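[1] structure of the sequence below:
(one chain, ligands or ions: 1)
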Amino acid sequence: MDHFLYRDGELHAEDVSLRDIAQAVGTPFYCYSTATLTRHYQLFAEALAPLPHLVCFAVKANSNVAVLKHLGDLGAGMDVVSLGEYLRARAAGVPGERIVFSGVGKTRAEMRAALEGGIRQFNVESEPELEALSEVADSLGATAPITLRVNPDVDARTHEKIATGRKEDKFGVPLARAREIYARAARLPGLRVVGIDMHIGSQLTDLAPFEAAYTRMADLTRLLRADGHEIERLDLGGGLGIPYTRSNEAPPLPTDYGAMVRRVLGDLDCEIEIEPGRLIAGNAGVLVAQVIYRKEGEGRDFLILDAAMNDLIRPAMYGAHHDIVPLTEPEPGVALAPVDIVGPVCETGDTFARQRPMPPLAAGDLVAFRSAGAYGAVMASEYNTRPLIPEVLVKGDHFAVIRARPTFDEILARDTLPPWM
Ligand SMILES: *Cc1c(COP(=O)(O)O)cnc(C)c1O
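    Numbering: from 1, shown residues only. Predicted structure coming up:
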């Protein structure tokens, strides 16, 4: 459920008309709903409530500091994968003891900064990383709390590019070697084992792969405890999928996910950490764009928008579907006709939808891409020297720009000429 609904024939974000925002900030722009962010965070918190838990928002899904601050103020922790994300979480006021550091290629500089700034735990993904972290922590006279990310060899049955829990994927240490590597971790200076971590993929629409992975995690917990390790936290990763279309069958709800977690892991006396990104932010955001031209091609029509693949790359990168709706509600029963919806970038891949049945739309009309709050703005680039588009946050009948569109002067000022020119 989200808070982007038609009211009096116009699409609103909560109590604000998206057309009013478009007039104020220009198109294209991202717009997020505070109420939807809150609701999705709380669904997870409630689903896990009977167990000690921490919901760590996956910052890579949407890293705007205002979004992070809102979630942090609700009590969320943060899952970061770079020093930049760590600094964003800290700038949002989230204390180090609620920040988990994930990622397959943490550098020593990143480890040092997080240890000095305060960190809840590092989710370590390999033996070389374990050694590096041990050295860095030891040299600082610090102790790094760690989990090992264990690859359970479970196929998440999701898009090839976002499945992470099969043995051929680059993530984590193999389950079969976990005991040996935990033993190694326990011997290294500067480290303290606190738990186990898994993350098997993103946009999962079925609970079965999660359950298979968490069952392996429960078995591993018992084994590692028998080996003498203190397993007090289980980090279950993120990955719960969202409905990208109104029509197709619904992915599992956080409530069902929570019930499964309690059933599989509830009797282990561990604190549960989860790292949802998409489910919290995805349907909490839309991208609003304007039709620049309607072009009649041979056998097909094109709607050319002022938004492009550099603003929202998911269709080009994953073949992802986003519902695209007019800001003005179509008359009931209006005939739909297929169009290709494209951006202005010089690549055929800059296509948002092919032969999408749409109500009549003409140059100047405004449209919204739904489900654009996660992996949208964060993946944007300035390809074709198109400025990063602004982000707007709505709360009730208020809205505010939470990242402004850069000017061309700002963009050009980042390039410098070498001294010989
Ligand atoms: C991407 C990622 C997440 C978030 O995944 P979602 O599908 O957005 O919930 C969580 N944890 C790790 C380690 C990740 O890489």
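
[2] residues near R19, how many?
    15 (other CB atoms under 10 Å). The way it works is simple: take the backbone N, C-alpha and C, and place the C-beta from them, glycine included.

[3] ok, it - contacts?
    R19 makes contacts with E10, L11, L327, T328, L366, as judged by CB atoms under 8 Å, 6 or more residues apart in numbering.

[4] the ligand contacts on the chain?
    By CB under 6 Å from any ligand atom, the residues of the chain that approach the ligand are 58, 60-61, 79, 102, 199, 202-203, 237-239, 275-279, 374.

[5] for this protein, which helix is longest?
    helix 208-226 (DSSP state H).

[6] mind giving me the packing neighbours of it?
    Secondary-structure packing of helix 208-226 (3 or more CB pairs under 8 Å, 6 or more residues apart in numbering; DSSP states H and E): strand 144-151, helix 178-187, strand 191-197, helix 254-265.

[7] most tightly packed of the ones you listed?
    Of those, the one with the most neighbours on average (mean count of other CB atoms under 10 Å) is strand 144-151, at a mean of 25.

[8] mean confidence score for that strand?
    The pLDDT scores in strand 144-151 average 97.

[9] now the longest strand along the chain, how far from the centre of its chain.
    Longest strand in the chain, counting residues (DSSP state E): strand 285-296. Distance of strand 285-296 from the chain centroid (CA atoms, centre = their mean, to the nearest Å) equals 24 Å.

[10] now, the contacts of R19 that are in strands?
    Counting by DSSP E, the part of those found in strands is E10, L11, L366.

[11] the second one pairs with what?
    I take that to be L11. Y6 (DSSP bridges).

[12] would you mind measuring from it to I181?
    51 Å (CB to CB, to the nearest Å).

[13] residues contacting whatever residue of the stretch 251-400 of the chain ends up closest to the ligand?
    The ligand sits closest to G277 of the stretch 251-400 of the chain, with a gap of 2.7 Å, by CB to the nearest ligand atom. The contact partners of G277, by CB under 8 Å, 6+ apart, come to F57, A58, V59, K60, A61, N62, D79, S202, G238, A374, Y375.

[14] my guess is the last one meets R278, correct?
    What that stands for is Y375. Yes - contact criterion CB atoms under 8 Å: Y375 and R278 qualify, at 6.9 Å.

[15] list residues touching both of the two?
    In contact with both Y375 and R278: A61, using CB under 8 Å, 6+ apart.

[16] can you give me the strands in the stretch 251-400 of the chain?
    Here the stretch 251-400 of the chain has its strands, by DSSP state E, counting those that start in this stretch, at 271-274, 285-296, 301-305, 324-326, 337-342, 351-358, 366-369, 391-395, 398-403.

[17] what comes into contact with the shortest one?
    Applying CB under 8 Å, 6+ apart, the external contacts of strand 324-326 come out as 11, 341, 352-353, 356, 358-359, 361, 365-370.
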